[in-house]
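Enquirer: model the following, please.
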Amino acid sequence: MQGKTPSDRDDRLYFPSLDGLRFLGFVLVFLSHFSNPAGFGPTNRHWLAFQQFGWIGVDLFFALSAFLIFSLLLAEHGRASRIRVGAFYVRRSLRIWPLYFFYLCIGLFLLPKIIDSPALMFKQHAIPLFTFLANYSYARFLESLPWFLAHLWTISLEEQFYLFAPFVGVFLATQIKRPLRLMALFVAAFAFTIAWRYYLVDNGFRHPYAFVVLLSRLDPFIVGATCAVVYKRLPKLFNATSGIVAFTVALGSYALVASFPQVGSSPHTVWQLTVVALFGGSMIIASFSLAPLRAVLSVWPTRMLGRISYGLYVYHIPCIILVPRYFVAERYVEPGISSWLLLMSVVLLVIMVVSTLSYLLLERPFLKLKRNFEVVRSRPA
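Expert: Reported below is the predicted structural model:
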């Protein structure tokens with residue numbers, strides 16, 4: 001099990017290795033979106049398959065979010081015998097809204113200068129984007145959503161999850177000593193979301209409906225909640241043996257999913273998303289229990305990058321598109337692996353700089369304000 005840290009001693013619920021795991025999730029998403037222009041980059045089929053399925057980093061984010069949210073809610077209930085629902089919503093709003101609405105307003109302000117049909121985009125997506133329903137407009141009107149706003153559907157999905165998370169947290173806290181009842185709940189939840197996904201796929205709902213609608217994407221949240229309950233109830237299960245098993249399951253889960261067609265292109269989508277969720281849960285367990293992995297994820301640079309991972313995710317799409325176009329034009333470099341690595345390094349550096357400034361100037365003041373609504377302190381701001 002993960003050793004004591006200074007954050008344990010000052011009564012803060014903080015898992016350093018999970019910050020590193022956040023950064024790993026971002027790297028996976030970044031690699032899936034970073035293109036291979038003009039013959040740049042590796043063309044090995046295994047690498048291309050890895051790049052194609054890098055979106056699993058999104059599910060790792062979802063599982064991590066659920067694990068951390070429910071760990072905090074269970075700790076809050078254990079300390080105060082109740083969960084302050086209003087304070088929970090305020091904390092989530094102070095964490096998510098400032099960066100989200102800042103980025104959204106900048107994007108919408110620049111919209112007429114970037115796309116050909118801003119009126120159609122506003123008509124189909126503006127209200128969903130501002131009300132955290134963008135995953136539904138993304139599914140319904142995918143073609144009219146500009147590239148720099150398309151990835152925000154994941155934030156809408158998380159916000160919808162947050163709506164009912166505190167009430168689920170109350171149930172988990174009151175039933176935590178009844179493992180059979182909780183197991184039945186988790187199995188029923190898995191059955192429901194798989195059935196809903198099967199319904200969408202079997203009835204011809206086009207991709208990405210099954211990929212972005214909350215009821216068909218509960219898997220990573222269920223897995224994260226399960227990990228939180230097990231860690232709270234039976235922390236000794238997070239040991240070296242379980243770490244090796246979990247890491248093996250994570251690798252096997254990824255290999256299994258990547259051995260079939262891309263999600264959304266076949267009926268395999270129904271089970272693939274569940275297996276991807278198991279990948280996320282297995283990585284959470286391994287990050288606690290597998291000492292070498294925990295050490296790598298807990299080093300200062302990885303933790304710091306994980307701390308700004310929200311900004312890394314929000315800003316990465318425009319940086320991927322604009323940096324090569326305006327600062328590292330193809331005419332300045334020759335196609336090849338070295339040029340691809342140089343281009344990727346420059347883009348990553350720009351993303352990190354932008355995200356760090358955003359964290360320090362925009363997000364951190366709200367994170368400090370968020371402390372006023374904490375019952376259990378979490379990671380440092």
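
Enquirer: only C-alpha atoms from now on, for both contacts and neighbour counts.
Expert: Noted.

Enquirer: roughly how far apart are the most centrally placed residue in the chain and Ile176?
Expert: Centrality entry for the chain: nearest residue to the mean C-alpha point is Phe61, 2.2 Å, by Cα atoms, centre = their mean. Using Cα to Cα, to the nearest Å, Phe61 is found at 24 Å from Ile176.

Enquirer: what do you get for Leu343?
Expert: Counting by Cα to Cα, the gap from Leu343 to Ile176 is 50 Å.

Enquirer: more neighbours: which of those two?
Expert: It is Leu343, of Leu343 and Ile176, that has more neighbours when counted by other Cα atoms under 10 Å, with 23 against 17.

Enquirer: check which helices and strands the helix or strand containing the more buried one sits against.
Expert: Per DSSP states H and E: Leu343 is located in helix 337-358. For helix 337-358, the packing partners by 3 or more Cα pairs under 8 Å, 6 or more residues apart in numbering; DSSP states H and E come out as helix 309-326.

Enquirer: quick one: the helix it packs on to chain centroid distance?
Expert: Counting by Cα atoms, centre = their mean, to the nearest Å, helix 309-326 is centred 16 Å from the centre of its parent chain.

Enquirer: again, but for stretch 114-125
Expert: That offset, for stretch 114-125, works out to 27 Å (Cα atoms, centre = their mean).

Enquirer: let's see that stretch as PDB, backbone CA atoms only.
Expert: Taking C-alpha atoms only, stretch 114-125 is exported to PDB below (Å, rounded to 0.1, in the frame of the first residue of the first chain):
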ATOM      1  CA  ILE A 114     -11.800  30.700 -37.700                       C
ATOM      2  CA  ILE A 115     -14.800  28.800 -39.200                       C
ATOM      3  CA  ASP A 116     -17.000  29.500 -42.200                       C
ATOM      4  CA  SER A 117     -20.400  29.000 -40.600                       C
ATOM      5  CA  PRO A 118     -20.400  30.500 -37.100                       C
ATOM      6  CA  ALA A 119     -24.200  31.100 -37.100                       C
ATOM      7  CA  LEU A 120     -24.900  27.400 -37.500                       C
ATOM      8  CA  MET A 121     -22.400  26.500 -34.800                       C
ATOM      9  CA  PHE A 122     -24.000  29.000 -32.400                       C
ATOM     10  CA  LYS A 123     -27.400  27.700 -33.200                       C
ATOM     11  CA  GLN A 124     -26.500  24.000 -32.600                       C
ATOM     12  CA  HIS A 125     -23.900  24.200 -29.900                       C
END
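
Enquirer: pLDDT on it, on average?
Expert: What stretch 114-125 shows for mean pLDDT is 83.

Enquirer: now do the helix or strand where Leu73 lies and helix 309-326, the angle between them.
Expert: According to DSSP H and E, Leu73 maps onto helix 56-80. When axes from the mean of the first three to the mean of the last three Cα atoms, to 10 degrees is applied, the directions of helix 56-80 and helix 309-326 differ by 160 degrees.
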